[in-house]
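Chemist: Show me how the following folds:
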Amino acid sequence: MRYGLVALAVVVAVGAAALTIALRAGPGRVIPAHPAVAASAPVQRDGGEGGVQIEVLYVTAEYAQRSNDARLQQWQPDRYAVFRVSMDTHTVDLSGYDMVKVSELVAGGKRYAPLRWVSISDSSHHRSGALIFPRIEPVLPVELLIKTVAGVPVRSFRWAP
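Modeler: Numbers count the residues shown, from 1 in each chain. Alright, predicted model coming up:
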């Protein structure tokens, strides 16, 4: 019984710490995906406007090499600019959005259209995949724009050195 209570207390403490970190980050702020590669591949979340929360991971070649996720290598971040996008909602049907048409990348004063969307999940409420853009140099600063999802004109995700 005593060990069970100790284990429960540890689980609650770890969960509370994770929640505190997430709440401090707030909408639109950078949340590192992994401390060792935070500078090269941060995750950003928007504020959940329109009832849809969007999270974007900028998958750099360095991040993909250090990651244990083989899918990241399949997207060839050494040849393309790759962004893993996750959208979550309980009120909006996400399946109707053509991610290639509603997305744009701004880098070095130029605008780029995605080459393709590689779907991971096409669930109407929890959709995810990768936006694949032409290779850009330099890799920072960049801004990913996602337009018109859930009535929000533009959601902006920025990465800078």
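
Chemist: ok, Asp88 - how many residues close by?
Modeler: The number of residues packed near Asp88 is 18, by other CB atoms under 10 Å. Glycine gets a C-beta too; all of them are placed from N, C-alpha and C.

Chemist: cool, the one 10 residues further on as well?
Modeler: Using other CB under 10 Å as the criterion, Asp98 is surrounded by 8 other residues.

Chemist: Grab the nearest non-local neighbour of it.
Modeler: Trp117 (7.8 Å; CB to CB, 6 or more residues apart in numbering).

Chemist: contacts for the host helix or strand of Ser119?
Modeler: Element membership for Ser119, per DSSP states H and E: strand 116-122. Residues outside strand 116-122 that contact it (CB atoms under 8 Å, 6 or more residues apart in numbering) are 71, 75, 84, 95, 98-100, 127-132.

Chemist: now do 7 Å
Modeler: Taking contacts as CB atoms under 7 Å, 6 or more residues apart in numbering, the residues outside strand 116-122 that touch it are Trp75, Ser95, Met99, Val100, Arg127, Ser128, Gly129, Ala130, Leu131, Ile132.

Chemist: That strand: partners in the sheet, and parallel or antiparallel?
Modeler: Strand pairing for strand 116-122, determined by DSSP bridges: strand 126-134 (antiparallel).

Chemist: Find the centremost residue of this protein, please.
Modeler: Val56 (1.5 Å; CA atoms, centre = their mean).

Chemist: Need the distance between the two termini of stretch 147-161.
Modeler: 24 Å (CA to CA, to the nearest Å).

Chemist: What residues sit buried inside it?
Modeler: Val149, Ala150, Val152, Arg155, Phe157, Trp159 (16 or more other CB atoms under 10 Å).

Chemist: and Arg84, that's in a helix?
Modeler: No: counting by DSSP: H, G, I helix; E, B strand; the rest coil, Arg84 is located in no helix; its state is strand.

Chemist: List the beta-bridge partners for the closest residue to it other than its chain neighbours.
Modeler: Leaving aside its chain neighbours, Arg84 sits nearest to Leu57 (4.3 Å; criterion: CB to CB, 6+ apart). Taking DSSP bridges as the rule, Leu57 bridges to Val43, Arg84.
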